[in-house]
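S.K.: based on what follows, work out the 3D shape:
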Amino acid sequence: MTAVTSPLAVRRTGGAHQLAGTGALLRFNLRRDRVLIPVWVAVTALLVLSLPGSLESVYSTPAERADIARQMLTNNSLRATYGPVFSDSIGGLTAWRIGGFAAILAGIMSLIIVVRHTRDEEESGRQELISSAMVGRRAPLTAALLTALVANVTLALLIAGGLAGQGTSGALALGLGIGAVGATFATLTAIVAQFTESARLAKGLTGGLLGAAFVLRAAGDSATNDGSSPLTWTSPIGWLENVRPFADERWWVLGLFVSAAALQGYVAYELAGRRDVGMGFFPTRPGPAKGRLATAGALAWRLQRGAVLGWSLGFLAAGVAFGGLTKGAADLVGDNDKTRDIIERMGGQSGIEDAFLATMVGMFGMVAALYIVSSVLRLHAEETSQRAEPILANAVGRLRWAAGHLAIAFGGAALILLLSGLGLAIGYGEELGPVLGASLVQVPAVWVLGGLAVLLYGVSPQLAPGAWGVAGFALLVGWIGPALDVPQGVLDLSPFGHLPKLPGGEMSWVPVLVLTGVAVGLVSAGLAGVRRRDMTT
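M.R.: Numbering: from 1, shown residues only. From the prediction side, this is the model:
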């Protein structure tokens, strides 16, 4: 007779059964993320590794590098944005200029991965099916955290290897620090995911905590020039700068990341073991929902309004911050012709302040491309999770259902760019009309990338994640292309390369109208694909 083991007996055997199936789930997660992780890691690594060459061309002498380091001691605004400079070597300036931003990208990547393989799976009901097989209770969370760890370790190794020529010790410290920030936010996301039943809310809350970490670091660094502020030490991004890569590294600071990740991981495991699959400690309130949801557009707005609000507030705040730096741009550039040339390549040749504003407007446009891609791909998430099917089973056509989400995506992109221009004008204190106009000129290029996302989704849901790669390429070309003096033909591969350099430059309506027409054509083709193909295929 075959012995039967009761669930209670299995539970009492402890750890091994709790983690059963982790290896299979890890392989499955890596397969699912075979596009997302390589693209995100590659773009982040290239942003870091491209900087030393740019810095060497801009600050070619030790005297020029020492001068920029001295300016950081007295410029509170720039310190709040980038942090203090601990070394005037090329490696030290690289860590100063890009370390914090690369850490933010690592944190965003980690929160997306963890939510995707935990709360997303539970919300869609797939986790319940997986858990009915020989899978331990904590295996899905473990596999999600290991997936994020693989991504962050890969990023750390790429950065350390690519910067080894600037100093092996400093390169390893910077790479490990950036990867450690990502791992810390991965475990923090695992905690947040236990409290809410909504994947969107989990992403939003963790994104808010990531933004708070940046604000705390910025506030601390604006007050001190050596990273010693208590506010700086409350932020994992502040820990990264206090590792001091390429400047007598403080290896012991990495222990803070290890301790935080271990503690947060322990809390996440404890919380995961105390709730049912699909539930959260803060369950969603039962209906009926307040307000009317009589149309597909109203439902799309209800689903995406949190993201629109978060992006809007973030762009407005960032605009005010960067607008406040504009009048100090001339002092920062000084007599450095190479720096001036890079800014003028990005923002036009209409004076350093207008060129700086145009550069910031262009950067906001490229970041807004990430918003529109994520908003368009909401259609993909609704379809693959089978939430779209009950809606389409009623008197709602596919085009009307898709149009609701696309209105939020394309209209939201225009809104956040308008708010970024308003913030820049407020921070700068001048040129409200020209700066707002310059911001809106970026909209057609953003719409083109959104249109590409619609086209990929319309052709096949499997192709939809490739839109992230297109947006990442546009961001990469726009960010490092002018600094590396790449040919204009390469810059023109991005839709942003065809826009007039405003404010200060001459307005040209032809590229704006052409890009708008291209965006309309891409969206039309994508909607035609949605209408003709079978759902979820």
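
S.K.: element containing the residue lying closest to residue 443 once chain neighbours are set aside?
M.R.: Beyond its immediate neighbours in the sequence, the residue positioned closest to residue 443 (Cβ to Cβ, 6 or more residues apart in numbering) is residue 414, lying 5.0 Å away. The way it works is simple: take the backbone N, C-alpha and C, and place the C-beta from them, glycine included. Take DSSP states H and E as the rule and residue 414 turns out to sit in helix 398-428.

S.K.: name the helices or strands packed onto that helix?
M.R.: Counting contacts by 3 or more Cβ pairs under 8 Å, 6 or more residues apart in numbering; DSSP states H and E, the secondary-structure elements packed against helix 398-428 are helix 296-325, helix 352-376, helix 378-384, helix 388-392, helix 432-441, helix 443-459, helix 509-532.

S.K.: comparing these, which gets the lowest mean pLDDT score?
M.R.: The stretch with the lowest mean pLDDT among the helices and strands packed on helix 398-428 is helix 388-392, which comes in at a mean of 76.

S.K.: okay, buried residues for that one please.
M.R.: Buried residues in helix 388-392, counted by 16 or more other Cβ atoms under 10 Å: residue 388.

S.K.: what's next to it, contact-wise?
M.R.: 296, 299, 379, 382, 398, 401, 535 (Cβ atoms under 8 Å, 6 or more residues apart in numbering).

S.K.: hmm, try it at 7 Å
M.R.: If you take Cβ atoms under 7 Å, 6 or more residues apart in numbering as the criterion, helix 388-392 is touched by 296, 382, 398, 401, 535.

S.K.: next one: stretch 442-453
M.R.: Outside stretch 442-453, the residues touching it (Cβ under 7 Å, 6+ apart) are 361-362, 365, 368-369, 372-373, 376-377, 409-410, 413-414, 417, 467, 470-471, 474, 495-496, 499, 512, 515-516, 518-519, 522-523, 526.

S.K.: off-centre distance for it?
M.R.: Averaged C-alpha coordinates place stretch 442-453 at 18 Å from its chain's average position (Cα atoms, centre = their mean, to the nearest Å).

S.K.: just the helices in the stretch 151-300 of the chain please.
M.R.: Counting by DSSP state H, counting those that start in this stretch, the stretch 151-300 of the chain has helices at residues 168-195, 199-223, 230-233, 236-243, 254-272, 296-325.

S.K.: using CSV, lay out those together with distance to residue 61.
M.R.: Shown next, in CSV, are the helices of the stretch 151-300 of the chain (distance: least, Cβ to Cβ, whole Å):
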stretch, distance to residue 61
helix 168-195, 20
helix 199-223, 27
helix 230-233, 31
helix 236-243, 25
helix 254-272, 33
helix 296-325, 25
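
S.K.: where does the stretch 51-200 of the chain have low pLDDT?
M.R.: The stretch 51-200 of the chain contains residues with pLDDT under 70 at 75, 77, 124, 127-128, 131-133, 136.

S.K.: recalculate using a threshold of 90.
M.R.: In the predicted model of the stretch 51-200 of the chain, residues 51-94, 96-101, 105, 108, 115-141, 165-166, 192-200 satisfy pLDDT under 90.

S.K.: what ranges do the strands span in it?
M.R.: With DSSP state E, counting those that start in this stretch, there are no strands along the stretch 51-200 of the chain.

S.K.: turn the helices of the stretch 151-300 of the chain into TSV, columns for distance to residue 121 and mean neighbour count.
M.R.: Rendered in TSV, the data for the helices of the stretch 151-300 of the chain read as follows (distance: least, Cβ to Cβ, whole Å; neighbours: other Cβ atoms under 10 Å):
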stretch	distance to residue 121	mean neighbour count
helix 168-195	10	26
helix 199-223	9	20
helix 230-233	36	17
helix 236-243	26	26
helix 254-272	13	17
helix 296-325	19	19
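
S.K.: of all those helices, which one comes closest to residue 86?
M.R.: Nearest to residue 86 among those is helix 236-243; the distance by Cβ to Cβ comes to 7.8 Å.

S.K.: count of neighbours near residue 88?
M.R.: By the criterion of other Cβ atoms under 10 Å, residue 88 has 21 neighbours.

S.K.: er, residue 253 actually
M.R.: Other residues within reach of residue 253, judged by other Cβ under 10 Å, total 19.

S.K.: right, and it touches residue 243 too?
M.R.: Yes. Contact between residue 253 and residue 243 holds when scored by Cβ atoms under 7 Å: they sit 4.8 Å apart.

S.K.: quick one: mean pLDDT for the helix holding residue 414?
M.R.: Helix 398-428 shows an average pLDDT of 90 in the prediction.

S.K.: could you list the buried residues of it?
M.R.: Of the residues in helix 398-428, 398, 401-406, 408-410, 412-425, 427-428 count as buried by neighbour count, 16+ other Cβ under 10 Å.

S.K.: with distance to residue 73 added, can I get the helices and strands packed on helix 398-428 in CSV?
M.R.: What follows is these, written out as CSV (distance: least, Cβ to Cβ, whole Å):
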stretch, distance to residue 73
helix 296-325, 16
helix 352-376, 21
helix 378-384, 45
helix 388-392, 56
helix 432-441, 30
helix 443-459, 38
helix 509-532, 42
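
S.K.: select, out of those, the one closest to residue 53.
M.R.: Within the helices and strands packed on helix 398-428, the stretch nearest residue 53 is helix 352-376; the backing value is 19.1 Å (Cβ to Cβ).

S.K.: follow-up on the earlier one: quick one: distance of the helix holding residue 414 to the chain centre.
M.R.: Going by Cα atoms, centre = their mean, where helix 398-428 is centred and where its chain is centred differ by 17 Å.

S.K.: then stretch 396-403?
M.R.: On the basis of Cα atoms, centre = their mean, stretch 396-403 sits 29 Å off its chain's mean C-alpha point.

S.K.: ok, stretch 516-531 next?
M.R.: Offset of stretch 516-531 from its chain centre (Cα atoms, centre = their mean): 26 Å.

S.K.: residue 89 contacts residue 246, doesn't it?
M.R.: Yes. Using Cβ under 7 Å as the test, residue 89 is close enough to residue 246 to be in contact (5.6 Å).

S.K.: these two: which has the busier surroundings?
M.R.: Between residue 89 and residue 246, counting by other Cβ under 10 Å, residue 246 is the more crowded of the two (24 against 19).

S.K.: re earlier: which among the helices and strands packed on helix 398-428 is found nearest to residue 105?
M.R.: Across the helices and strands packed on helix 398-428, residue 105 has its closest neighbour in helix 352-376 (10.4 Å, Cβ to Cβ).

S.K.: what is the closest one packed up against?
M.R.: Taking 3 or more Cβ pairs under 7 Å, 6 or more residues apart in numbering; DSSP states H and E as contact, the helices and strands that helix 352-376 lies on are helix 296-325, helix 329-333, helix 337-347, helix 398-428, helix 432-441, helix 443-459, helix 466-480.

S.K.: so which bits of that helix are buried?
M.R.: Of the residues in helix 352-376, those scored as buried under the neighbour-count criterion (16+ other Cβ under 10 Å) are 352-376.

S.K.: what about residue 158, distance to residue 152?
M.R.: Shown here: residue 158 relative to residue 152, a distance of 11 Å by Cβ to Cβ, to the nearest Å.

S.K.: who's more crowded, those two?
M.R.: Just comparing residue 158 and residue 152: by other Cβ under 10 Å the higher neighbour count belongs to residue 152, 28 against 20.

S.K.: OK, contacts around that one?
M.R.: Residues in contact with residue 152, defined by Cβ under 7 Å, 6+ apart, are 106, 110, 179, 182-183.

S.K.: now, the most widely separated pair of those?
M.R.: Farthest apart among the contacts of residue 152 by Cβ to Cβ are 110 and 179. That separation is 9.7 Å.

S.K.: before we move on, the earlier item: and the helices and strands packed on helix 352-376 as CSV, adding distance to residue 57?
M.R.: Formatted as CSV, the helices and strands packed on helix 352-376 follow (distance: least, Cβ to Cβ, whole Å):
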stretch, distance to residue 57
helix 296-325, 22
helix 329-333, 14
helix 337-347, 6
helix 398-428, 27
helix 432-441, 27
helix 443-459, 27
helix 466-480, 12
